[in-house]
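Peer 1: Whatever this is, show me its structure:
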Amino acid sequence: MTRIVRFHEIGAPEVLKVEDVTVPAPKAGEVQIRVKAMGLNRAEVMFRTGQYVTEPAFPAILGYEAAGIVEALGANVEGLAPGDAVSVVPCFMLGAYGLHGELVNAPAIGVVKHPDTLSWEEAAATWMMFTTAYGALVDIADVKAGETVLIRAASSSVGLAAIQITKALGALPVALTRRSNKRDELLAHGAAHVIATEEQDLVAEVMRITDGKGARVAFDPVGGPEVGKILEALSTLGIFFQYGALDTTPITIPVLSLLGKNLTVRGYQIFEVSTDPERLSKAKAYIVEGLASGALKPVIAKTFKLDDIVEAYKFMESNEQIGKIVVTV
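Peer 2: Next up, the predicted model:
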């Protein structure tokens with residue numbers, strides 16, 4: 001028996017329970033991990049509240065990210081051994097696996113022997129944030145030096161990762177946040193400019209920053225009516241990534257901007273990269289190199305203990321954090 005986070009109904013963080021469960025041996029293609037730390041993500045909130053792309057089957061497990069020590073291997077797993085220090089790239093749909101617990105199974109394709117310079121907390125905070133940003137900005141958009149990237153919800157862990165990757169590519173990261181109270185911290189974390197969208201004219205500010213050219217890329221986990229303004233702020237042949245749905249109301253697309261500038265508006269999820277072995281291999285190599293050089297470094301907002309999982313998610317849903325929330329075991 002081991003302690004695993006589960007929930008038996010849709011609801012607020014209080015539905016999460018730490019329960020004693022028997023964890024089965026890893027199947028073929030799986031790795032069993034003794035968890036040291038786990039990262040929290042918005043997708044898990046959406047899954048718990050019935051707003052995700054998959055529905056929970058009760059009792060439901062959850063959790064996309066963890067770091068720990070390999071306990072056992074299923075058949076046909078190569079390159080890993082019991083005792084290895086590893087972390088997990090999200091490469092599965094919630095409900096199929098859940099990494100919130102003391103002992104968990106994960107698909108081997110997503111298990112990485114991370115650099116030994118990372119703490120358990122940093123390793124648990126790494127892969128969702130950097131792989132999500134890498135997939136859009138490097139793998140798909142191929143951002144070049146000198147280009148401008150608009151990063152919405154920039155104080156989130158993925159937003160901060162996007163700032164770091166944009167800087168590493170020699171491009172200009174422009175952080176979009178609702179109010180100016182996070183401006184100084186976002187600048188300290190590498191944003192070249194910060195636009196408070198509820199206090200400033202988004203389009204005018206982007207045009208000022210880019211000398212009227214507009215931004216080539218926008219990276220947005222929110223959606224909603226603000227998207228129209230972001231599209232107006234893009235350059236000719238600009239690309240807009242919708243990678244989350246914090247606002248589930250329909251987005252508004254300004255047709256004249258779409259046609260006049262030949263814009264691309266696309267949905268994007270990490271799984272586009274993380275379930276493709278070749279693309280995932282390139283992502284891992286890029287991120288490991290960035291971590292080793294210091295160009296990439298996970299930002300941790302706060303850590304909690306496993307018994308405080310409810311408080312950890314309450315903190316996430318308060319939107320007060322800048323960076324990743326991590327739970328330690």
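
Peer 1: just the strands in the stretch 1-150 of the chain please.
Peer 2: Listed in chain order, the strands found in the stretch 1-150 of the chain under DSSP state E, counting those that start in this stretch are 2-7, 16-21, 30-39, 60-61, 65-73, 85-88, 103-107, 111-112, 148-152.

Peer 1: With mean neighbour count as extra columns, can I get those strands in a markdown table?
Peer 2: Any C-beta I mention is one placed from the backbone N, CA and C, and that applies to glycine too. Formatted as a markdown table, the entries for the strands of the stretch 1-150 of the chain read as follows, by neighbours: other C-beta atoms under 10 Å:
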| stretch | mean neighbour count |
| --- | --- |
| strand 2-7 | 20 |
| strand 16-21 | 15 |
| strand 30-39 | 25 |
| strand 60-61 | 21 |
| strand 65-73 | 23 |
| strand 85-88 | 25 |
| strand 103-107 | 23 |
| strand 111-112 | 22 |
| strand 148-152 | 28 |
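
Peer 1: Can you tell me which of those is nearest to residue 189?
Peer 2: strand 148-152 (10.9 Å; C-beta to C-beta).

Peer 1: ok, then the element right after the closest one?
Peer 2: helix 157-168 (DSSP states H and E).

Peer 1: Give me the helices and strands touching that following helix, please.
Peer 2: Applying 3 or more C-beta pairs under 8 Å, 6 or more residues apart in numbering; DSSP states H and E, we find helix 157-168 packed against helix 120-134, strand 148-152, strand 172-177, helix 277-293.

Peer 1: do you know which of those lies nearest residue 39?
Peer 2: Minimum separation from residue 39 across the helices and strands packed on helix 157-168 (C-beta to C-beta) falls at helix 120-134, 4.5 Å.

Peer 1: what's the closest one packed up against?
Peer 2: Contacts defined by 3+ C-beta pairs under 8 Å, 6+ apart place helix 120-134 against strand 30-39, strand 65-73, strand 85-88, helix 157-168, helix 271-274, helix 277-293, strand 300-305, strand 324-328.

Peer 1: re earlier: mean pLDDT and distance to residue 198 added to the helices and strands packed on helix 157-168, as TSV?
Peer 2: TSV is the format used below for these (pLDDT from 0 to 100; distance: least, C-beta to C-beta, whole Å):
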stretch	mean pLDDT	distance to residue 198
helix 120-134	96	24
strand 148-152	98	13
strand 172-177	97	9
helix 277-293	94	32
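
Peer 1: Hmm, residue 169 and residue 137 touching each other?
Peer 2: Yes. In terms of C-beta atoms under 8 Å, residue 137 counts as a neighbour of residue 169; the distance is 7.1 Å.

Peer 1: Between the two, which is the more surrounded one?
Peer 2: In this comparison of residue 137 against residue 169, neighbours counted by other C-beta atoms under 10 Å, the higher total goes to residue 137 at 25 against 20.

Peer 1: Look up how far residue 171 lies from the closest residue to the more buried one other than its chain neighbours.
Peer 2: Leaving aside its chain neighbours, residue 137 sits nearest to residue 143 (4.9 Å; criterion: C-beta to C-beta, 6 or more residues apart in numbering). Here residue 143 is placed at a distance of 5 Å from residue 171 (C-beta to C-beta, to the nearest Å).

Peer 1: neighbour-wise, which of these two wins?
Peer 2: With neighbours defined as other C-beta under 10 Å, residue 143 and residue 171 compare such that residue 143 has more, 25 against 22.

Peer 1: which ones are touching the more buried one?
Peer 2: Neighbouring residues of residue 143 by C-beta atoms under 8 Å, 6 or more residues apart in numbering: 137, 149, 166, 169, 171, 216, 217.

Peer 1: With distance to residue 263 added, can I get the helices and strands packed on helix 120-134 in TSV?
Peer 2: TSV is the format used below for the helices and strands packed on helix 120-134 (distance: least, C-beta to C-beta, whole Å):
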stretch	distance to residue 263
strand 30-39	33
strand 65-73	32
strand 85-88	35
helix 157-168	19
helix 271-274	20
helix 277-293	24
strand 300-305	33
strand 324-328	31
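
Peer 1: Which one of these lies nearest to residue 252?
Peer 2: It's helix 157-168; of these, that one is closest to residue 252 (C-beta to C-beta) at 22.1 Å.

Peer 1: The closest one - what's its average pLDDT?
Peer 2: Per-residue pLDDT over helix 157-168 has a mean of 96.

Peer 1: show me the contacts for residue 102.
Peer 2: Under the criterion of C-beta under 8 Å, 6+ apart, the contact partners of residue 102 comprise 2, 3, 4, 34, 35, 306, 329.

Peer 1: Report pLDDT for it.
Peer 2: On the pLDDT scale, residue 102 is placed at 97.

Peer 1: ok, now residue 191?
Peer 2: Residue 191 is given a pLDDT of 97.

Peer 1: Nearest residue to it in space, please, no chain neighbours.
Peer 2: Counting by C-beta to C-beta, 6+ apart, residue 191 lies nearest to residue 175, which is 3.8 Å off, once chain neighbours are set aside.
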